[in-house]
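Participant: Return a 3D structure for these sequence lines:
(chains A and B)
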Amino acid sequence: MNSMSFISESHTSRNEAISTALPGDFLALLKPRVMSLVIFTAFTGILIAPVAVHPVISSASLLAIAIGAGASGALNMWYDADIDALMRRTQDRPIPAGRMHRDDALAFGLVLAFFSILTLGIVTNWLAAGLLSFTIFFYIAVYTMWLKRTTPQNIVIGGAAGALPPVVGYAAMTGDVSLASLSLFAIIFFWTPPHFWALALVKADDYGRAGIPMLPNVKGPARTRRDILLYTLLLAPLGLLPYFMGVASLTYGVIASALGAFMLIFALRVYRHRSGPQASRCAMQLFGFSLLYLFVLFASLAGERLLVISGGQGI
Amino acid sequence: MMPESRREEGLTLTSEQKRARQQRNVAIGLAIGAFVLLFYVVTIVKLGPGVLNRPL
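Facilitator: Numbering: from 1, shown residues only, chains lettered A, B, ... in the order given. Here you go, the predicted structure:
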């Protein structure tokens, strides 16, 4: 190789190293759909706090929690780029699609994590900031780097990260962790396995191709159907916790009971229909209904708290 | 002033790279602006008139 060809090749590789990623690609790193769920559950955590907080402070807290969740998404995509490229569901993400370098996603995630934690600490309190940093750490180090590729219980334990946002929101308002906020944590924690395992039943091939040990791939569909039913049996009564703790009204209690009953019916259908297109249909129906379940449950809790606040009874 | 030979060794961005970089720069600028505005508003809300009450 002469000196000219070295310079030329060096130029080419350096030139290729300059990103063509657009702002939209960085937004995609934040996992907007997951982020919207985090915003929604954290907002409910903020609303059930029994203190009056200026709307600017609660909005800034919610923004910091949302950005922290986005940072987790970016760091997850940085670490999981290799397996994302193998799954149909994830292969169009910015890194496996070749629109962004991994290092850019890492830097973006770390910067967002740092500033979201710092902002939440300064704007509210350091307990909330500590909980947010723990959430990001748990999602990346415990779930993404460790559990996801090693155990079929990955989403059960890792689900704690997704269940923490209402606790962070509540702590941001009160500087405390209460049983009320932990009840929301429990609902999301026990909701996570039926939700993801219903999808994993249908997408087992995709997960298998990437070597992710989801429950259907490791223990089989029969065991997965049984565990979905068991977790749903636990989830249905847990949905009533906010009512029994006095955080929510009887209206919420009735809605939570109905939602729990429907969730149980969908889980039973998954348990009964074990083969053919009907089995896949039932699993996807449970997956879809589980999203509706969480949305309506938290919306009714948030809605009645908003009514109380707008009625001038204080938060 | 950079000699002509050195300038030739420099990187030449493609139009796609230039466009992407420009869009990223605008997004970073907007994000920093929003961050500054957020801290300004939060400071006013948290301190209120007390923001002026400081030892000179």
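Participant: Any buried residues in stretch A:293-302, and which?
Facilitator: A:Tyr293, A:Leu294, A:Val296, A:Leu297, A:Phe298, A:Ser300, A:Leu301, A:Ala302 (16 or more other CB atoms under 10 Å in any protein chain shown). For glycine as for every other residue, the C-beta is placed from the backbone atoms N, C-alpha and C.
Participant: Make a markdown table from these and add pLDDT to it.
Facilitator: As requested, those are arranged in a markdown table below (pLDDT from 0 to 100):
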| residue | pLDDT |
| --- | --- |
| A:Tyr293 | 98 |
| A:Leu294 | 97 |
| A:Val296 | 97 |
| A:Leu297 | 97 |
| A:Phe298 | 97 |
| A:Ser300 | 97 |
| A:Leu301 | 96 |
| A:Ala302 | 96 |
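Participant: and the longest helix along chain B, does that touch chain A?
Facilitator: Longest helix of chain B, by residue count under DSSP state H: helix B:15-47. Yes: judged by CB under 8 Å from any CB of the partner chain, helix B:15-47 comes into contact with chain A at B:16-17, B:20-21, B:23-24, B:26-27, B:35, B:38-39, B:41-42, B:45-46.
Participant: Filter those down to the buried ones and hand me the PyMOL line.
Facilitator: Buried subset of those, written as a PyMOL selection, criterion 16+ other CB under 10 Å:
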select buried, chain B and resi 17+20+21+24+38+42
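Participant: got the buried residues for the lengthiest helix in chain A?
Facilitator: In chain A, taking DSSP H as the definition, the longest helix is helix A:276-310. For helix A:276-310, the neighbour count (16+ other CB under 10 Å) marks A:279, A:282-284, A:286-287, A:289-290, A:293-294, A:296-298, A:300-305 as buried.
Participant: Which secondary structure element of chain A has the lowest mean pLDDT?
Facilitator: helix A:3-16 (a mean of 49; mean pLDDT, DSSP states H and E).
Participant: For the helix or strand following that helix, buried residues please.
Facilitator: The first helix or strand that comes after helix A:3-16 along the chain, using DSSP states H and E, is helix A:23-29. Within helix A:23-29, the residues that count as buried by 16+ other CB under 10 Å are A:Pro23, A:Asp25, A:Phe26, A:Ala28, A:Leu29.
Participant: contacting residues around the residue of chain B found nearest chain A?
Facilitator: As assessed by CB to the nearest CB, chain A sits closest to B:Ala27 within chain B, at 3.9 Å. Contact analysis of B:Ala27 by CB atoms under 8 Å, 6 or more residues apart in numbering or on different chains lists A:Pro23, A:Phe26.
Participant: do you know how far it is from A:His101?
Facilitator: 17 Å (CB to CB, to the nearest Å).
Participant: Return the member of the residues of helix B:15-47 next to chain A nearest to A:Thr232.
Facilitator: Using CB to CB, B:Leu38 is the member of the residues of helix B:15-47 next to chain A that lies nearest A:Thr232, at 40.8 Å.
Participant: give the contact list for that closest one.
Facilitator: A:Ala60, A:Leu63, A:Thr119.
Participant: Secondary structure class of the first one, three-state.
Facilitator: For A:Ala60, the secondary structure call by DSSP: H, G, I helix; E, B strand; the rest coil comes out as helix.
Participant: do the last one as well
Facilitator: For A:Thr119, the assignment made with three-state DSSP gives helix.
Participant: ok, for it, nearest residue in space, not its chain neighbours?
Facilitator: Closest residue to A:Thr119 apart from its sequence neighbours, by CB to CB, 6 or more residues apart in numbering or on different chains: A:Ala64 at 4.4 Å.
Participant: And for A:Ala222?
Facilitator: Using CB to CB, 6+ apart, the nearest residue to A:Ala222 is A:Arg274, at 7.1 Å.
Participant: what pLDDT does the one you found get?
Facilitator: Here the pLDDT value assigned to A:Arg274 is 90.
Participant: cool, B:Glu8 as well?
Facilitator: 56.
Participant: Can you pull up the most central residue in chain B?
Facilitator: B:Gly29 (3.8 Å; CA atoms, centre = their mean).
Participant: tell me the contacts of that one?
Facilitator: By CB under 8 Å, 6+ apart, B:Gly29 has no neighbours at all.
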